[in-house]
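Trainee: sequence and predicted structure are below.
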Amino acid sequence: MKWVRSLHLYLGCVFAPLLILYAVSGVWQVYRLNDAAKDGSYTPPAWLKTMSSVHLHQSLAKGTSATISKAIGAALGVALAVTAALGVVMAYKYQRRPGIVTLCLLAGVLVPGLLLVLRV
């Protein structure tokens, strides 16, 4: 079980900065802060557009090669899935009341699912 904790720790540390970038840039993209308003009332700052292009186009500038960035993004996705799964394994292993872990996992599936179905 020690290797599970170590793998979780190291994968988390390696990919945390990129994961935070994707999470934060995803938030401002949800609110379309990276897009200029059609009427010209809002123009996003250059840094915001640049950081959004990392998330949207896997590059810092249009026309640049994104192969390496796409590979890094794919590795991020795999590492996120692996560390999340390892976290669940550790939650069951180290929690004295595994029913709480199960309830939290069910809530993590059911609440977003219901919100999507109900279109809230």
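Mentor: Alright, I've got the coordinates. Residues are numbered from 1 along each chain as shown.

Trainee: looking at this protein, which helix or strand is least sure?
Mentor: In the chain, no helix or strand scores lower on mean pLDDT, DSSP states H and E than helix 46-57, which sits at a mean of 82.

Trainee: so what's Ala75 closest to, chain neighbours aside?
Mentor: Phe15 (7.6 Å; Cβ to Cβ, 6 or more residues apart in numbering). Just so you know, the C-beta spots here come from the backbone N, C-alpha and C atoms, and that holds for glycine as well.

Trainee: list the contacts for that neighbour?
Mentor: 75-76, 79-80, 83 (Cβ atoms under 8 Å, 6 or more residues apart in numbering).

Trainee: tell me which element it falls in.
Mentor: With elements taken from DSSP states H and E, the one containing Phe15 is helix 2-30.

Trainee: next, the angle helix 46-57 makes with that helix.
Mentor: Orientation of helix 2-30 against helix 46-57 (axes from the mean of the first three to the mean of the last three Cα atoms, to 10 degrees) gives an angle of 120 degrees.

Trainee: I'd like the numbering to begin with 351 instead of 1 from here.
Mentor: Shifting the count to begin at 351 puts that one at helix 352-380.

Trainee: the residue nearest to Ala425 and Thr452: what is the separation?
Mentor: Distance of Phe365 to Thr452, given as Cβ to Cβ, to the nearest Å: 27 Å.

Trainee: ditto for Leu430
Mentor: Counting by Cβ to Cβ, the gap from Leu430 to Thr452 is 22 Å.

Trainee: who's more crowded, the two?
Mentor: The neighbour comparison of Leu430 against Thr452 (other Cβ atoms under 10 Å) goes to Leu430, with 16 against 13.

Trainee: show me the contacts for that one.
Mentor: Leu430 is in contact with 365, 369, counting by Cβ under 8 Å, 6+ apart.

Trainee: for it, which three-state class applies?
Mentor: helix (DSSP: H, G, I helix; E, B strand; the rest coil).
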